[in-house]
Every structure is written in structure tokens, then in C-alpha cells.
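>>> Sequence first, predicted model second:
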Amino acid sequence: MEFLLADTPLFQGITEGEIQSLLQCLGADRRKFPKGAVILSEGSVTESLGIVLSGMALISCSDVWGNNSVLGHIAPGAVFAEVYACIPGEPLRISVSAVEDTQVLFLNVGRMLTTCTNACPFHAKLVHNLLTVCAHKSLQLSQRILHTSSKSIRGRLMSYFSQCAKAAGSGSFQIPYNRQQLADYLGVDRSALSNELSKMRKEGLLEYQRNQFQLKLPGLF
């Protein structure tokens, strides 16, 4: 299912008619990527941010030894590469790939930050929204740092699961990662993570089926 642009954080408060005018100013480029395709590669340079219209994308990075770390996922309506697009010539230190068949809308950030010749009154609203998106992205990165601050795998899992449960308002929630992606996100070994999850289930702390989890803590929600 494709998101309406008016429903995305970047275009919040801007009507569909106004969005169509903005797209002409911003050099909109819509592209489709099959599952597993690289959307943006590490080391490349981009002048455009991307909005996932449908599907799912993953942000990751690799070190010189080939170790991979997952930094986050990009669901429909979410923006990516906005920080790099705001810094002309800055090489990407991350890569973005399609987890499933994914459609992306690219928008030129330079045009976004420059008042267009039509002097659109809603252009200022777009810039305000971009700043809000960047602030939220910074918060997400701070949350990952919090999850990986524990020295134990269980501590990292409980930190992440706690956030997921609070966001869902329930002890039952679904995560956007498979086991390898979750291990990469938390910076741990996949086998060790799977073993720890099994231990937690045997101890009655949680139940899970693939990426669906149910925390079993007294008095939870």
C-alpha cells in the first residue's frame, strides 16, 4: 500500500494540491527497487532525500572487516538520507537497501532549502517539517545508543523491548527486524542473541513467534 504524501511527516499540514506544486519545484523522482536492491550505497553522494512510499528499507553500515551494523529501518512515509543531502558533497557513511519490493520518492534538498520562484507560502512549512524530521531521527539514534549501552545481551534486549512495548501501549508488539537484523541493530552475535531469547522464554519472561513478541512481566499494562 502506498502512502499519500499528505500523510507523511515531511508534508504534514500541506494539502495535496500544494504538494503537487512543490513536487515540480523539488525535482521529484519516483523509483522502484526490488527486494535486496541497494537504494543508496555507502561512499556515494546524494543531493536528494528519499521518502519510502511503499515497502520497507534498511539502514546499515559496515566496517573494514566486513562486520555489519543495522542502524534502523525505514517504513512507508519515513524519510532517509536527509542529513547527507543537506551537506553538499558529503559521502554517505551508511547504505540503504530494500527489505522487500520498495518504492521511493527522491526530492532535491537544495531546492527545498531555497525559496522557489513561485514564492510558495507552503514552502516555509516544508522546511519546518524537514527540521522536525531531522530532530526525530536524532532521537532515534539516541535510543539505539541507549539500547546498546548495556554490556549484556539480555540488557540490550530488555531495553529495546521496553521501548517497543511502551510505543505499542501493550506487552504484545511486532518488531521490524528478523533475527540477524535485530542482532546487528543491538550489536551482538546472532547465535548468542537467539540463545538468550530461548533462555528468556524458558524463564517465562516472554513469548515470541518470528518478529511478534509478548512480554510476560507482572503488572505490565
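Noted; the coordinates are in hand.

>>> surely V52 meets H73?
No: V52 lies out of contact with H73 (C-beta atoms under 8 Å); the separation is 9.5 Å. To be clear about C-beta, it is placed using only N, CA and C from the backbone, and glycine gets the same treatment.

>>> between these two, who's got more neighbours?
V52 (26 against 19; other C-beta atoms under 10 Å).

>>> helix or strand for that one, which one?
strand 48-54 (DSSP states H and E).

>>> Report the rounded mean pLDDT for whichever helix or strand comes after that strand.
Of the helices and strands lying after strand 48-54 in sequence (DSSP H and E), the nearest is strand 57-62. What strand 57-62 shows for mean pLDDT is 93.

>>> Show the residue spans covered by the helices in the chain.
Along the chain, counting by DSSP state H, helices occupy 16-25, 82-85, 109-112, 123-147, 153-168, 179-186, 190-202.

>>> need the contact list for L105.
For L105, the contacting residues are L5, A28, D29, R30, G50, I51, L53, by C-beta atoms under 8 Å, 6 or more residues apart in numbering.

>>> Actually, N211.
Q174, I175, P176, Y177, N178.

>>> do the same with Q12
A6, N129.

>>> separation between it and S60?
To S60, Q12 is 28 Å away according to C-beta to C-beta, to the nearest Å.

>>> Kindly report the same for V83.
16 Å.

>>> what do you get for V127?
In terms of C-beta to C-beta, V127 sits 29 Å off from S60.

>>> These two: which is more packed in?
Taking neighbours as other C-beta under 10 Å, V127 and S60 compare with S60 leading, 18 against 13.

>>> what number of residues lie near the closest residue to the more buried one other than its chain neighbours?
Excluding its sequence neighbours, the residue lying closest to S60 (C-beta to C-beta, 6 or more residues apart in numbering) is V70, at 5.1 Å. The number of residues packed near V70 is 20, by other C-beta under 10 Å.

>>> And H136, by the same measure?
Using other C-beta under 10 Å, H136 has 12 neighbouring residues.

>>> which ones are touching the closest residue to it other than its chain neighbours?
Nearest residue to H136, sequence neighbours excluded (C-beta to C-beta, 6+ apart): P9, at 7.3 Å. Residues near P9 by C-beta under 8 Å, 6+ apart: G77, A78, V79, N129, T132, V133, H136.

>>> G27 too?
G27 neighbours (C-beta under 8 Å, 6+ apart): S48, L107, N108, R111.

>>> For the chain, give me the ranges with low pLDDT.
1-3, 115-120, 218-221 (pLDDT under 70).

>>> rerun at 90
1-4, 6-7, 15-18, 20-27, 62-72, 88, 111-125, 127, 136-145, 216-221 (pLDDT under 90).

>>> returning to that earlier point: if you count neighbours, what's buried in the strand holding V52?
Across strand 48-54, burial judged by 16 or more other C-beta atoms under 10 Å covers S48, L49, G50, I51, V52, L53.

>>> again with stretch 194-207
E196, L197, M200, L205, L206.

>>> Please apply the same query to stretch 25-35.
Quick answer for stretch 25-35 (16+ other C-beta under 10 Å): C25, L26, A28, F33.
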